[in-house]
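Asks: test case, fold it:
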Amino acid sequence: MRNDADRADGVWYYEVNTFTAIIVGNVIPFFDRFGFLSAKKQRDLAKFKQIARLILDGRHLSKEGIHEIVAIRREMNDGGAK
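Replies: Below you'll find the predicted structure:
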């Protein structure tokens with residue numbers, strides 16, 4: 001875990017550098033265990049896991065797979081609109 005010294009709010013974050021760490025190492029297992037208080041974040045996690053499974057299956061290597069991933073992503077975090 002690192003503390004970003006540039007952040008005035010003192011937020012700490014965990015940085016992951018490999019896909020394996022996301023799937024089996026730390027990220028998904030952590031949130032499966034501890035979850036979220038927000039139903040929306042729970043739904044976003046389910047979509048994130050769906051995308052991770054598609055990548056694990058190699059679907060990101062085809063044009064159709066990329067379109068499928070983008071479609072799922074559009075449903076997350078309000079479609080990324082900010």
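Asks: mean confidence for the longest helix anywhere in the chain?
Replies: Ranked by residue count and defined by DSSP state H, the top helix of the chain is helix 39-56. The average pLDDT for helix 39-56 rounds to 92.
Asks: hmm, who's touching that helix?
Replies: 19, 22-23, 28, 31, 35-36, 60, 65, 68-69, 72-73, 75-77 (Cβ atoms under 8 Å, 6 or more residues apart in numbering). Quick note: C-beta positions are derived from backbone N, CA and C, even for glycine.
Asks: export only the CA atoms of it, formatted as PDB.
Replies: Extracted in PDB, the C-alpha atoms of helix 39-56 (Å, rounded to 0.1, in the frame of the first residue of the first chain):
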ATOM      1  CA  ALA A  39     -25.300  -1.700  -3.900                       C
ATOM      2  CA  LYS A  40     -24.100   0.300  -6.900                       C
ATOM      3  CA  LYS A  41     -20.400  -0.600  -6.100                       C
ATOM      4  CA  GLN A  42     -21.500  -4.200  -5.700                       C
ATOM      5  CA  ARG A  43     -23.000  -4.200  -9.200                       C
ATOM      6  CA  ASP A  44     -19.800  -2.500 -10.600                       C
ATOM      7  CA  LEU A  45     -17.700  -5.200  -8.900                       C
ATOM      8  CA  ALA A  46     -19.800  -7.900 -10.600                       C
ATOM      9  CA  LYS A  47     -19.200  -6.200 -14.000                       C
ATOM     10  CA  PHE A  48     -15.500  -5.800 -13.300                       C
ATOM     11  CA  LYS A  49     -15.300  -9.500 -12.500                       C
ATOM     12  CA  GLN A  50     -17.200 -10.300 -15.700                       C
ATOM     13  CA  ILE A  51     -14.700  -8.200 -17.700                       C
ATOM     14  CA  ALA A  52     -11.800  -9.900 -15.900                       C
ATOM     15  CA  ARG A  53     -13.200 -13.400 -16.800                       C
ATOM     16  CA  LEU A  54     -13.500 -12.300 -20.500                       C
ATOM     17  CA  ILE A  55      -9.800 -11.200 -20.400                       C
ATOM     18  CA  LEU A  56      -8.800 -14.400 -18.700                       C
END
